[in-house]
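please work out how this folds:
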Amino acid sequence: MRSVFVGLVLFALVPLNDAACSVALIKRGAIHCQDMLDKTWHLVGSSWTNSKCDHCDCTADGMHCCNGLPSSVWFTEDCTVEYNYDTCTYEVFKTSDRTIPCSHSAIGK
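Numbering: from 1, shown residues only. You can find the predicted model right below:
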């Protein structure tokens with residue numbers, strides 16, 4: 001029975017490995033969370049997107065952030081990926097001619 005329970009717990013975690021998320025606990029009674037990347041402060045109950053496009057929420061339980069851009073992108077050797085952190089978008093295009101898009105696969109977001 002124990003192995004069935006462990007198996008169910010591990011199975012429940014499978015969706016979590018597709019998105020890169022982090023959780024940071026805050027002190028009981030705290031009214032702010034600090035973004036670990038930008039070092040900015042945010043009120044409990046607020047949500048924001050930081051400079052690397054991570055989507056974050058500050059709750060009484062802590063700060064929860066998940067990648068807003070894919071954590072992995074697969075494409076052929078003759079292509080490259082370019083991230084735009086101002087618009088939180090990315091493009092995959094031919095290295096020799098950036099006007100030619102490449103097909104690709106991604107995990108996250």
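
I'd say Pro70 and His104 touch.
No: the pair Pro70 and His104 does not pass the contact test of CB atoms under 8 Å, sitting 9.0 Å apart. The C-beta positions use only the backbone N, C-alpha and C, and glycine is treated the same way.

please say which of those two ends up with more neighbours.
Per other CB atoms under 10 Å, whichever of Pro70 and His104 has more neighbours is Pro70, with 19 against 16.

host element of the nearest residue to Ala106 once chain neighbours are set aside?
If the residues on either side of it in the chain are set aside, Ala106 comes closest to Pro70, at 3.4 Å by CB to CB, 6 or more residues apart in numbering. Using DSSP states H and E, Pro70 maps to neither a helix nor a strand.

distance of Pro70 from Ser96?
Distance, Pro70 to Ser96, by CB to CB, to the nearest Å: 23 Å.

same thing with Asn50?
Taken as CB to CB, the span from Asn50 to Ser96 is 34 Å.

so for those two, which sits in the more crowded spot?
The neighbour count for Asn50 versus Ser96, taken as other CB under 10 Å, is higher for Asn50 (18 against 9).
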